[in-house]
Structures are given as C-alpha cells and as structure tokens.
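> Following is a predicted model, sequence given first.
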Amino acid sequence: MTIKYVQEDFPVDLYVLLDLSYSMKDDKDKLSTLGGAIAEEMRNITKDFRLGFGSFVDKTVLPFARPVLSQMDIDKGITVLTYGFKHHLTLTDDAVAFEEKVKATSVSTNIDSPEGGLEALVQAIVCNEIGWRKESRKLIILCTDADYHAAGDGKLGGIIIPNDGKCHLSKIPGTEEYNYDWVNKHDYPSVGQLAYIASKNRANIIFAATREKVDVYKRLAAEINGASSAQLTDDSSNIVEVVKKEYQKMSGTIILQDEDTPSHISLKYFVKCGQESDFKERRGCDNVKKGEELEFRVQIALTKCLSGDTRDVFKISPVGLQEEVSIEVISMCECPCASYPEINSPTCLGRGNLSCGICECAPLYSGNTCECDIADISDKGDECKQEGDQIECGGRGECKCGKCDCKSRYSGNYCECDNESCTRRNDELCSGEDHGQCECGTCKCKPGWSGEACECSTATDKCIRAGATDICSNSGDCFCNKCSCKITDEGRYTGEFCETCPTCNDQECEKYRISVHCTAFLESPFIGGNCDQVDNVTVAWINSTDDTYLNEDERICRFQDDNGCTYRFIYLTTDVVKTFKMIMFGEEKKDCPKPADIAAIAGGVTALTLLIGLGLILLWRILTYIHDKREYARFEDQRLKEQWARDDNPIYKDPETTFKNPAYGKG
C-alpha cells in the first residue's frame, strides 16, 4: 500500500505548562516578559499561532505537601497553598495577555522534591477547556527543575485509585481559570499511560528542564512518540530559543505510527528520504522541507489465519499531527483459486496443473515446475552424494533431478562450497562487494585489489620514490601499496622505499674510506696509519640526520674509526670523478663517545659506600631496638606472674624474753 505525504504549514497551538514550586520563582518572573518574543519567533515559522498557559505543583496531602502554610513559607512571601494543576489562560493569539497572566500567578510550595508534572500533562492534553483546535499541531512545553512523580507514588498519601486519563477540571468562581479538582482522588499516571494519551491525542511534548534534571527528562522523552527534551538556563531565559529549535526539529520530522493494530497483523514501513533513489525500511524522515513530498510504502501481512472472513480496521497517522488514514483489512485464509486450476499448464511444462501459483505434478514427475522425471532420477540418489559422504548434498541443499539445489550461502556440485566463510575486513566479506566476492571459501578479488581479504590496493604509486622509476628501489616488494624490504646475503634494506642498507658491504665505500677520511679530517682512520700515499678527493660538508633525501644514484657509507668515532659520507655512483658529501652530526663532524667522568664516578662510588654504611648502621640500630623491646616485655611478663606471701623467718629470735615467778602471789 502506498501513502503520500506533503509537508505543509500547520496551525500551531503552544501551551506553556510551568512548575510553580518556590524554586521556579525566577523562571516565572523571566517568562512573564518573554510571551511577545515567543509569539514573534513562532510567527516567523508559521502564520497561525496561539499561546496558552497553565501551572502545576503537586498533590495537596502529606507527605507531598502541608495542609497549611508554615511560618517559613510565609517568611518567603508564599501566599498560595499547594495545588495539583491550574489552567490560567485559554489558547489565544494575544501575547500581552499571556505575559500579564504569567505575571499575575504566584508561586507555591510542597515538601518532597518530585512534582506532579505528568498528572498536569494528562489534564492539559485531554481537556477541551485548554482550547485546542482540531486541525492544529498541539505543542506543550513543560518547564521544571525537579523530578516527576509516577504511578504508585500516590500510595504514600493513601491514594490508590489509578489515574483514569480523563479531564477533571472545574471553573474557579469569578475567574476564567480552571482547577484540577481530583488531584487527591486519583494516583499519578504512569509513563506508558502518558505516552498512550499523547499518541492518541496527537500531542507533541517538549520537556524543558534545568541542567541537573535534563538527563531525567531525556530518558522520559525517549519513551513517548513525538516528545523531546531540552536544557533550560537557571532562570529559563533561553525558553524562546528552546521553543524555536525544538519546534523546527519536530515539524521537520515525519514519522508514521499505527493505532489499534491487531496482534495478528504485521506492518513494515518503507520510505525514500531526501535525494535517495531506493526505499529503505524505516518509519519516517528527518529535515523534511515545506512542500516536500514523501512516499511511504506499507507492507501489511497476516501472522496467522483466523477462522472465516475477518475484518480489521486500524489507523496510520504522522506522529503529532491530526491527519490519519483508516485501513480495513479483510483476512481470507482460504484461496478460491484452488477451484479453478490451469490444466497441463505451460508453467508446469505440460506435466501438471497450475493451482494458486503452484504446480501439482502428474504422478511420474516432480519439481517446482515438474521438470524432473521420476523414472530417470529414481536411481540417481548417489549422484548428489560426494565421495565418502552419506548425506545428499552434504545436508546443505536438496537433491533435485539428480542434481543438488543448494541453499543460499552454498554452491558447488555437492554444495561443498561455503560462500560466507571467507576472511572479513571491517566486518565485511572480502572487504565488501567493491573489493571482491567470496567463492568457495576464497576471496576472488576485483581488479585493483589483492590480499587474503582483497584488502590491499594493487597500486604502486606509494612504493616509488620521488624522481625515481624503480619500485621499492629494486630492493623490496610492493604489497598493499607499501614497500616490504628484502633481506639479502649482503644485508637488510630499510627505509620507506628500501633505499638504504646499513649493514650491506658496499665495495665502493671501502674503496674510498681512507681517502675521504684523510681529506676530511687530515688523519688516517686507523691508529698508526698515515695519509702520505692517499689520493686527495673533493669533499663537501652537509648537516643532516635524514637519509631519505638521497637521490636514486646516491649511496651512503657509514664507518667507525679506531677511536670509536662514527662518520658518514655520500657518493654519487654515476660520477667519473668522485665527489663526496660528508654528513655532520649537528655541530660535530664525528659522533664520538664521550670520555668517562672519573671525578663523577669516584664521587658516586664514595657516596654509595657512605649510604651503604649508614644503611647498615641504621639496620643494626633497628634490630637492637627490637631485641631490647622484646627482652623488656618478657621481663615485665615474668614480674607480673610472681606471687608474694607474708611469713616469718624460721631463724628469727625475738630480742625480748619474759619470765614469770612461780611463787609470785602466794603467801
């Protein structure tokens, strides 16, 4: 089924739903000055725009709010008791009335941190008192700096009746405002319930939260079709930019959704976006411009057959828009075409009847088009078995007419080739279809590519040095457009283009070694040698540590003299009279090892000896301290275990002796 949609300039109804708990006081004050700016910005996008205003706090029972204002609330200047939701201004094109209404409202208070924003959203979506137009795009922006209460939280206040998702507003006497009366009768709505109500009523929601809470509402918006989230500044001064940006993003995104779709019907959506040439399976497109036409293709399929003729009706509509398409599907699981077969149909090679698109073959024939003669293939079962295999077609296909009909990923006479077992690069077989194809487990590369997975380019431009023609200087192989240098009997070649061989024995280097050294340094490279019999040569000094500047005909020589100093020179192989270039090491002509600093070594040894001695003394002192401490502890332990008792010395004699006269008192 094809559905065409043309992007148009729809009327917009924007309802601002503001958290009026005390922490949002500065946000309210700022919003009261921005109504005109919002209206002006939106009228630059759409000609037909209206603006409305409502506020919310939370449920009015403990533990969500106090039944009366506390002294602290009064000291803050709060004069309004907690309320659930109030509709202050019906949708209007009067921006001044919006600013005046926002300015006239007062902040309130509650106890816990989360607010009743979801409950207020439900009322704002479903209530006709808001003034929604049938043909407009409904846009609600909820501004808050706190979390939200959801279904189940009401039980904390003894509220157990689930939210019914219906409008329960009553007019406040003497005003044009409305109050949500059932705030303490029903629990908060669930996220799923809010998502269903928003989808059913084609409402677009923008959750505008401060930096601390924007991630919370970002996750919430992901659960609701047509919802988005944005970050508010601390005083909501950027609300104009938020509304403009989020509306442009929403209005430019066209996504189809289906409602009331039975479980036995499966839908797939295909659409071409922008300049695409092919349909892709997805529900919509982004960045759709005004006047642009989108063509959707919807594939409808039954997942199971129902008894009798079944009629189902469901709707397909763009998310957040009032337009919709009603679709009626009649399920017919029994096809009447079986009553009118095509006898001896040419499709069946004249060997059977075509019934409902399927060949019913005569008794002596078989196959999808009756192409197989049963008499001819009755003895050919083994022709579908590879030698040593007991299963026809290796279990990877079906034997038809004595030949294997392989499954999609297999090929070969016996389906022995696996065409999806080749080496992968970047999770693609043979590096992708542009590089090669997998045939029987091996990548068959297309021209311009090579390698096990066709990952290497066969180009050689990066293997040839500038100004040269030889690939890898004739000293290596070009693989994946990169030189792989050879290792020969002479030595190993190195460099980006294999242009150097530090370990190669260059006879020319040896030939001119002494002459160059004597000319450049006025001395022989060997201790005891002389330069008397050496031919003079021309030497030029250059300063470079980079060998890659060498031309194709230049060679570099490296030597070390008897003093351990390294020197380098370059010669040109095509010169009849050799000219040599001596390479300096920075400001030095040779790279000589620095002499040992005897004083530093002696000082280091002395310092190390002293440190070792001090360490040994410190170790002895620590061990002595530990030993003494253990001995003292043992002494104290024995002293505490001693038991003393009072007794007389057996050899002690009292210095006084008392005698009594036996005759005293008689007489």
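Now that the structure is in, tell me what you want to look at. Quick caveat, the model's predicted, so the values are computed rather than measured. Numbers count the residues shown, from 1 in each chain.
> Where do the strands of the stretch 201-350 of the chain begin and end?
203-210, 227-232, 254-259, 265-271, 280-281, 284-285, 293-302, 310-318, 325-331 (DSSP state E, counting those that start in this stretch).
> Kindly spell out which helices and strands sit in contact with the longest one.
Spelled out, it's strand 293-302. With contacts defined as 3 or more C-beta pairs under 8 Å, 6 or more residues apart in numbering; DSSP states H and E, the packing partners of strand 293-302 are strand 2-6, strand 254-259, strand 265-271, strand 325-331. Any C-beta I mention is one placed from the backbone N, CA and C, and that applies to glycine too.
> can you pull the contacts of the closest residue to D112 other than its chain neighbours?
Of all residues not flanking D112 in the chain, F64 sits nearest, at 5.9 Å (C-beta to C-beta, 6 or more residues apart in numbering). By C-beta atoms under 8 Å, 6 or more residues apart in numbering, the contact list for F64 reads D58, T82, N110, I111, D112, G116, H149, L156, G157.
> If we use 7 Å, what do you get?
For F64, the contacting residues are D58, N110, I111, D112, G157, by C-beta atoms under 7 Å, 6 or more residues apart in numbering.
> And K101, by the same measure?
So K101 contacts F53, H88, L89 (C-beta under 7 Å, 6+ apart).
> ok, it to I239 distance?
Look at K101 and I239: by C-beta to C-beta, to the nearest Å, they are 16 Å apart.
> same deal with A221?
17 Å.
> So if I had to pick from the two, which one is more boxed in?
With neighbours defined as other C-beta atoms under 10 Å, A221 and I239 compare such that I239 has more, 24 against 17.
> Do you know the pLDDT at D215?
Listed pLDDT for D215 reads 92.
> make that I38, sorry
83.
> Spell out the secondary structure type for it.
helix (DSSP: H, G, I helix; E, B strand; the rest coil).
> Would you agree it is in contact with E241?
No - with contact defined as C-beta atoms under 7 Å, I38 does not reach E241; the gap is 10.1 Å.
> So if I had to pick from the two, which one is more boxed in?
Shown here are I38 and E241; by other C-beta under 10 Å, I38 has more neighbours (23 against 13).
> give the contact list for the closest residue in space to that one that isn't next to it in sequence.
Distance criterion C-beta to C-beta, 6+ apart; nearest residue to I38, sequence neighbours excluded, is V240 at 5.4 Å. Listed by C-beta under 7 Å, 6+ apart, the contact set of V240 reads L34, A37, I38, E41.
> Name the nearest of those relative to E129.
Using C-beta to C-beta, the shortest approach to E129 within the contacts of V240 belongs to I38, at 21.6 Å.
> Might you report the residue contacts of the closest one?
L51, V240, V243.
> Cross those against helices and list the overlap.
Among the contacts of I38, the ones falling in helices (DSSP state H) are V240, V243.
> Can I get the contacts of I38 in JSON lines including distance to S331 and pLDDT?
Shown next, in JSON lines, are these (distance: C-beta to C-beta, whole Å; pLDDT from 0 to 100):
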{"residue": "L51", "distance to S331": "47", "pLDDT": "89"}
{"residue": "V240", "distance to S331": "52", "pLDDT": "84"}
{"residue": "V243", "distance to S331": "46", "pLDDT": "84"}
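> Run a quick neighbour tally on L62.
Here the number of neighbours of L62 (other C-beta under 10 Å) works out to 13.
> Tell me where this structure has helices.
25-31, 35-43, 71-75, 95-104, 117-126, 191-200, 214-221, 239-251, 374-377, 507-521, 598-641.
> which of those helices is buried the deepest?
The highest average neighbour count among the helices of the chain, using mean count of other C-beta atoms under 10 Å, belongs to helix 117-126 at a mean of 25.
> centroid residue for this structure?
Centroid-nearest residue in the chain: R219, 15.7 Å away (criterion: C-alpha atoms, centre = their mean).
> For it, give its distance to K511.
79 Å.
> With E115 instead?
93 Å.
> Check I316 too.
According to C-beta to C-beta, I316 stands 89 Å off from K511.
> Please apply the same query to N368.
Distance from N368 to K511, by C-beta to C-beta: 82 Å.
> which regions of the stretch 501-650 of the chain sit below the pLDDT cut-off?
Along the stretch 501-650 of the chain, segments meeting pLDDT under 70 span 502-508, 527-528, 536, 544-553, 573-579, 584-588, 643-646.
> wait, what's in contact with the closest residue to C404 other than its chain neighbours?
In this structure, C404 finds its nearest non-sequential neighbour in C393, 4.0 Å apart by C-beta to C-beta, 6+ apart. Each residue near C393 by C-beta under 7 Å, 6+ apart is listed here: C384, C399, C404, C406, Y414, C415.
> Looking at those, which one is closest to S251?
Of all those, C406 has the smallest distance to S251: 51.4 Å, by C-beta to C-beta.
> Now that the closest one has come up, it's in contact with R396, right?
Yes - with contact defined as C-beta under 7 Å, C406 counts as touching R396 (6.0 Å).
> got any residues that touch both of those two?
Listed as contacting both C406 and R396 by C-beta under 7 Å, 6+ apart are C415.
> Looking at the contacts of F64, spot the one nearest T469.
Taking these together and measuring to T469 by C-beta to C-beta, the closest member is D112, at 81.6 Å.
> Hmm, that closest one is touching P63, no?
Yes - using C-beta under 7 Å, D112 is in contact with P63, at 6.3 Å.
> And V214, how far from G116?
In terms of C-beta to C-beta, V214 sits 19 Å off from G116.
> same deal with L18?
In terms of C-beta to C-beta, L18 sits 13 Å off from G116.
> Look at those two and report which has more neighbours.
G116 (29 against 26).
> Quick check, the more buried one in contact with S55.
No - shown here, G116 and S55 do not form a contact pair, counting by C-beta under 7 Å, at 10.9 Å.
> Not counting residues beside it along the chain, what's closest to K249?
Using C-beta to C-beta, 6+ apart, the closest residue to K249 is S228 (6.6 Å).
> List the beta-bridge partners for the one you found.
I206 (DSSP bridges).
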